[in-house]
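> Next come a sequence and a model predicted from it.
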Amino acid sequence: MIKKKFPQRLISICLACILGLAMQVKGEPERNFPPAKTDAKGRYTNIDENLPGVSIKVTAPFFLRRVATAFNRRNGAPLRIPNDGVYLRENANHSEPTVTWVGHATLLVQMDHLTFLTDPIWSNKPSPVPFAGPNRYVKPGIAIEDLPPIDFVMISHNHYDHLDLPTLRKLAKRSADTVFFVPVGNGKLLRKNGIDQIQELDWGDTAKIKDATIHCLPTQHWSKRSLIDTRKALWSSWAVTGPQRRFYFAGDTGYFAGFKEIGEKLGPFDLAAVPIGAYEPNAMMKVSHMNPEEAIQAAVDIKAQRAVAMHFGTFNLSDEPLGEPPLRFKAAAQDTIIGEDNSWVLSIGETRKF
């Protein structure tokens, strides 16, 4: 009996199939979202590539109003509860699920034996120059020195009130083990400032830290830090999914259909942090910022059990009264599945379990 040789090409195909099956069995994450697109000039675009622009007739008076109100004290800023960090440092060991609002879009989250920060900013003025920029109405709820060890930081985009280099340098100096997650195109800026523990992710990319998965997700916004770098770096929202809890951070975004897709593919979430401020003037802000009603709808879309408000009342960024966003946020939640009890408006410095 003559033995036939098994074709080498067929052997290779079979081995590749077996390896692919083995990877699926091990739970290798599938890509849930396509990478972000770029235009003909190589600049990143939103999913909706035909969003309307903003007229100079709207933007010029807006910036004049920001200058005129730079030194005024506006009423309605959030309350502040000083946080000495003792409980948070102790909790870093047993990691009871908590969220602490430091101010603006900066949240400290502890879950699944991880402690992490979103868009950390401790500076008084988010600006390329220290003597100008939006003034801070309420100082951070906790000092950097009082923070527990930070496992990682998630940054949504490169605007100065979300990517604050002085703060990031301090956090990197505190611990060489802290990982900084940024959307693609932002790593170069951090490395230039001495921050090397970086992971750059595109929409749909994931990374693992301990038992949790970090998801870089679509959002509707833009990026810019100078006169010539508009949309050269990506923007994103983020999700952290662990064995016990699932957390979503919307970053800075206008309302868009992608929230429903995120909910369908990754929901439900135990807690969603949604931006509720910087929505006036509407003609300028609607595309890239949500109002409180849209923020609640976004939380419903992603199938969040609870929604915590952020991105309001901390800096002089827009025209709406400082105290208006949380009132509208609570009112909008009443007739939704989230409801009164699960629509959270924290004081700056407040810690709440979820």
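Thanks, I have it. Numbering: from 1, shown residues only.

> Quick one: residues contacting A212.
Each residue near A212 by CB atoms under 8 Å, 6 or more residues apart in numbering is listed here: M111, D112, L114, V240, T241, G242, P243. Yep, even glycine has a C-beta here, placed from its N, CA and C like the rest.

> In three-state terms, how would L190 be classified?
Of the three states, L190 takes helix according to DSSP: H, G, I helix; E, B strand; the rest coil.

> Wait, it touches E200, no?
No - with contact defined as CB atoms under 8 Å, L190 and E200 do not form a contacting pair (9.2 Å).

> can you give me the helices for this protein?
With DSSP state H as the definition, the chain shows helices at residue ranges 8-25, 56-68, 86-94, 165-174, 187-192, 258-266, 282-285, 292-301, 324-333.

> same for the fifth one, what does it pack against?
Identification of packing neighbours for helix 187-192 by 3 or more CB pairs under 8 Å, 6 or more residues apart in numbering; DSSP states H and E yields helix 165-174, strand 198-201.

> more neighbours, L190 and E200?
Between L190 and E200, L190 has the larger neighbour count (other CB atoms under 10 Å), namely 22 against 18.

> measure that one to A233 for me?
According to CB to CB, to the nearest Å, L190 stands 11 Å off from A233.

> and what of S55?
Relative to A233, and taking CB to CB, S55 is found at 25 Å.

> before we move on, back to that, hey, least reliable of the helices of the chain by pLDDT?
The minimum mean pLDDT among those belongs to helix 8-25 (a mean of 41).

> burial measure for the residue nearest to V345 when sequence neighbours are not counted, as a count.
Closest residue to V345 apart from its sequence neighbours, by CB to CB, 6 or more residues apart in numbering: P326 at 4.3 Å. P326 has 21 neighbours, counted by other CB under 10 Å.

> need the contact list for P326.
By CB under 8 Å, 6+ apart, P326 lies in contact with P78, I276, P292, A309, F312, G313, V345.

> tell me the contacts of the third one?
To tie it back to what came earlier, the one meant is P292. Taking CB under 8 Å, 6+ apart, we find P292 in contact with I276, Y279, A309, P325, P326, R328, F329, A331, A332.

> hmm, which of these are the buried ones?
Neighbour-count burial within the contacts of P292 applies to I276, Y279, A309, P325, P326, R328, F329, A332; the criterion is 16 or more other CB atoms under 10 Å.

> Closest one to G141 out of these, please.
Among the buried ones among the contacts of P292, A309 lies closest to G141 (CB to CB), at 14.3 Å.

> re earlier: got the contacts of P326 as a markdown table, with distance to Y137 columns?
Converted to a markdown table, the contacts of P326 look like this (distance: CB to CB, whole Å):
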| residue | distance to Y137 |
| --- | --- |
| P78 | 8 |
| I276 | 16 |
| P292 | 18 |
| A309 | 16 |
| F312 | 11 |
| G313 | 7 |
| V345 | 16 |
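
> farthest pair in those?
The farthest-apart pair in the contacts of P326, when distances are taken by CB to CB, is P78 and P292, at 14.1 Å.

> Who are the contact partners of F247?
V109, M111, A239, V240, T241, F269, D270, L271, A272, A273.

> Please apply the same query to P218.
F33, A36, I47, W203, S236, S237, F256, G258, E261, I262.

> swap in P166?
Counting by CB under 8 Å, 6+ apart, P166 makes contact with W122, S123.

> quick one, which of the helices of the chain is packed in tightest?
Highest mean neighbour count among the helices of the chain (mean count of other CB atoms under 10 Å): helix 292-301, with a mean of 24.

> export that helix as PDB, just CAs?
In PDB, the C-alpha atoms belonging to helix 292-301 read as follows (Å, rounded to 0.1, in the frame of the first residue of the first chain):
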ATOM      1  CA  PRO A 292     -28.600  67.500  29.800                       C
ATOM      2  CA  GLU A 293     -31.600  65.900  28.100                       C
ATOM      3  CA  GLU A 294     -29.300  64.400  25.400                       C
ATOM      4  CA  ALA A 295     -26.900  63.100  28.100                       C
ATOM      5  CA  ILE A 296     -29.800  61.200  29.700                       C
ATOM      6  CA  GLN A 297     -30.800  59.800  26.400                       C
ATOM      7  CA  ALA A 298     -27.200  58.700  25.800                       C
ATOM      8  CA  ALA A 299     -27.100  56.900  29.100                       C
ATOM      9  CA  VAL A 300     -30.400  55.100  28.200                       C
ATOM     10  CA  ASP A 301     -29.000  54.200  24.800                       C
END
